[in-house]
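Colleague: Take this sequence and fold it.
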Amino acid sequence: MTNGIDIVVVDDDPAVLEGLQMRLEKAGHRVRTGANGEEAMAVVEALAPDLLITDIFMPVREGIETIIQARKANPELKILAISGAGQTGSLSYLEVAQNLGADAVLAKPFTTQQLLETVEDLFSDNSSAMSQ
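Modeller: Presented below is the predicted three-dimensional model:
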């Protein structure tokens with residue numbers, strides 16, 4: 001298992017943020033957090049992490065805009081989009097996120113195993129992480 005990945009996690013729900021941080025740190029990763037895309041981008045631009053995990057719907061700067069900006073700032077950055085919002089009509093926000101630069105997506109709620117497997121897949125040699 002790949003350990004020691006530098007990860008930025010951004011979600012406006014403090015409970016989700018704390019839970020993700022705890023699960024990822026327990027797996028041996030280094031985690032920094034933010035409550036919105038603006039906070040996440042400050043960390044991404046200053047520290048060049050390996051992975052950005054971003055919620056889609058947040059105040060100040062939402063996830064889609066954050067994904068686009070992060071991809072421009074660091075084309076090598078791996079991005080995992082997460083959301084519990086699902087779909088509006090035929091539009092899947094996670095599909096949009098993937099089309100705009102997310103390397104993988106996870107629909108909330110997801111298990112710790114799904115999270116860790118997706119992170120691992122992003123850094124494996126055949127880094128084609130599957131959508132959940």
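Colleague: Leu106 contacts Leu116, doesn't it?
Modeller: No - look at Leu106 against Leu116 with C-beta atoms under 8 Å: they stay out of range, at 10.9 Å. C-beta: built from backbone N, CA, C; applies to glycine.
Colleague: of these two, who's got more company?
Modeller: More neighbours surround Leu106 than the other of Leu106 and Leu116, with 23 against 17 (other C-beta atoms under 10 Å).
Colleague: On the three-state scheme, that one is what?
Modeller: With DSSP: H, G, I helix; E, B strand; the rest coil as the basis, Leu106 sits in strand.
Colleague: Could you measure from it over to Ala73?
Modeller: 22 Å (C-beta to C-beta, to the nearest Å).
Colleague: Also Ala102?
Modeller: Distance from Ala102 to Ala73, by C-beta to C-beta: 15 Å.
Colleague: ok, these two, which is more surrounded?
Modeller: Ala102 (28 against 12).
Colleague: what's the more buried one sitting at in phi/psi?
Modeller: phi -70, psi 140 (degrees, to the nearest 10).
Colleague: from what I can see it touches Ile64, true?
Modeller: No - Ala102 is beyond contact range of Ile64, at 9.1 Å (criterion: C-beta under 8 Å).
Colleague: Mind listing what's buried along the helix of greatest length in the chain?
Modeller: In the chain, assigned by DSSP state H, the helix with the most residues is helix 14-26. Within helix 14-26, the residues that qualify as buried by neighbour count (16 or more other C-beta atoms under 10 Å) are 16-17, 20-21, 23-24.
Colleague: May I ask which two of the residues you listed are separated the most?
Modeller: Within the buried residues of helix 14-26, two members stand farthest from each other by C-beta to C-beta: Val16 and Leu24, at 12.3 Å.
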